[in-house]
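Engineer: Provided below for reference: sequence and predicted model.
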Amino acid sequence: MQTTTTNSQRSTGPTGVEAATSAAVTSADHLAQQHVQEEVSGAGPKGLRRLWNRLRLTVAEMNYAANRLADPRVR
C-alpha cells in the first residue's frame, strides 16, 4: 500500500542542510555587521581618516586591476 503526503503533513520550515546554511549565513551577516559597527564606533577624526584611507586604497586597487585587465599589452 502506498502512502501519500498531503501539504498539511509536509514540513514548512527549513530542513537539515537548509537550516544549517541559513544559520551560517545569518551568523556571517551578523559578524560582518558587528565588524563594521566596531570600525565606525571609534570614528573620531582619526577613525574617519583611517576609514577614508582604507576606502581610497581599495578603490585604487580596483582601478589598477580593471586597467590591467583592459590593457591588451599586459597579456
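Structural biologist: Sure, I can see it.

Engineer: use CA for all of it now, contacts and neighbours both
Structural biologist: Noted.

Engineer: Okay, M62 and L69: tell me how far apart.
Structural biologist: Between M62 and L69 the distance, using CA to CA, to the nearest Å, works out to 11 Å.

Engineer: buried ones in the host helix or strand of E61?
Structural biologist: Using DSSP states H and E, the secondary-structure element containing E61 is helix 45-70. With burial defined by 16 or more other CA atoms under 10 Å, not one residue of helix 45-70 is counted as buried.

Engineer: Show the model's pLDDT score for Q33.
Structural biologist: The predicted local confidence for Q33 comes out at a pLDDT of 78.

Engineer: For it, give me its contacts.
Structural biologist: When the contact criterion is CA atoms under 8 Å, 6 or more residues apart in numbering, Q33 has no partners at all.

Engineer: Against A60, how distant is it?
Structural biologist: Per CA to CA, Q33 is found 24 Å from A60.

Engineer: what do you get for G47?
Structural biologist: Where A60 is concerned, G47 sits at a distance of 20 Å (CA to CA).

Engineer: hmm, which helix or strand of this protein has the shakiest average pLDDT?
Structural biologist: helix 16-41 (a mean of 70; mean pLDDT, DSSP states H and E).

Engineer: Now do the phi/psi pair for P72.
Structural biologist: The phi/psi pair for P72 (degrees, to the nearest 10) reads phi -70, psi -20.

Engineer: ok now do it, which residues does it touch?
Structural biologist: For P72, the set of contacting residues under the criterion of CA under 8 Å, 6+ apart is empty.

Engineer: all numbers from here: first residue = 29
Structural biologist: Taking 29 as the first residue, the last one we looked at is P100.

Engineer: Break this structure down into its structural domains.
Structural biologist: Segmentation of the chain into domains, based on automatic domain parsing, reads 42-70, 72-103.

Engineer: which SS state does R101 fall under?
Structural biologist: The assignment at R101 comes out as coil when based on DSSP: H, G, I helix; E, B strand; the rest coil.
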